[in-house]
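# let me see the structure of the following:
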Amino acid sequence: MQKKIYVTGMDDDSTAAKVDEAVKAVAGVASVVSSAAKCQVCVDFDESVAGIEDAINNAIGSTGVIALG
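Numbers count the residues shown, from 1 in each chain. Below is the predicted model:
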């Protein structure tokens, strides 16, 4: 499943790279692309993995960025 997650606090490419690393570490995530310019994180993940959306949001939050919605 692909999902766009809008975020606040991702002000530069360095922070976007940290978000990419954190989200890639979540089991079940196939790919992730973060864009500071668009304030969004695009994630492709296996929706059959229990709790994966919460895990992705927690990974984003662990970098100091806030996932919206």
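# what's the longest helix seen in the chain packed up against?
Determined from DSSP state H, the single longest helix within the chain is helix 13-24. If contacts are counted by 3 or more C-beta pairs under 8 Å, 6 or more residues apart in numbering; DSSP states H and E, helix 13-24 sits against strand 29-35, strand 40-45, helix 52-61. Heads up, the C-betas are built off the backbone N, CA and C, glycines and all.
# wait, which of the ones you listed is closest to Ala16?
Nearest to Ala16 among those is strand 29-35; the distance by C-beta to C-beta comes to 3.9 Å.
# about what we covered before: in the longest helix of the chain, what's buried?
15-16, 18-20, 22-23 (16 or more other C-beta atoms under 10 Å).
# then stretch 22-39?
22-23, 26, 29, 32, 34, 36, 39.
# kindly check the end-to-end length of it for me.
16 Å (C-alpha to C-alpha, to the nearest Å).
# now swap in stretch 4-17 and tell me
End residues of stretch 4-17 are separated by 16 Å (C-alpha to C-alpha).
# need the pLDDT of the residue lying closest to Val23 once chain neighbours are set aside.
Once flanking residues are discounted, Val23 sits nearest to Val32: 4.3 Å by C-beta to C-beta, 6 or more residues apart in numbering. pLDDT, Val32: 98.
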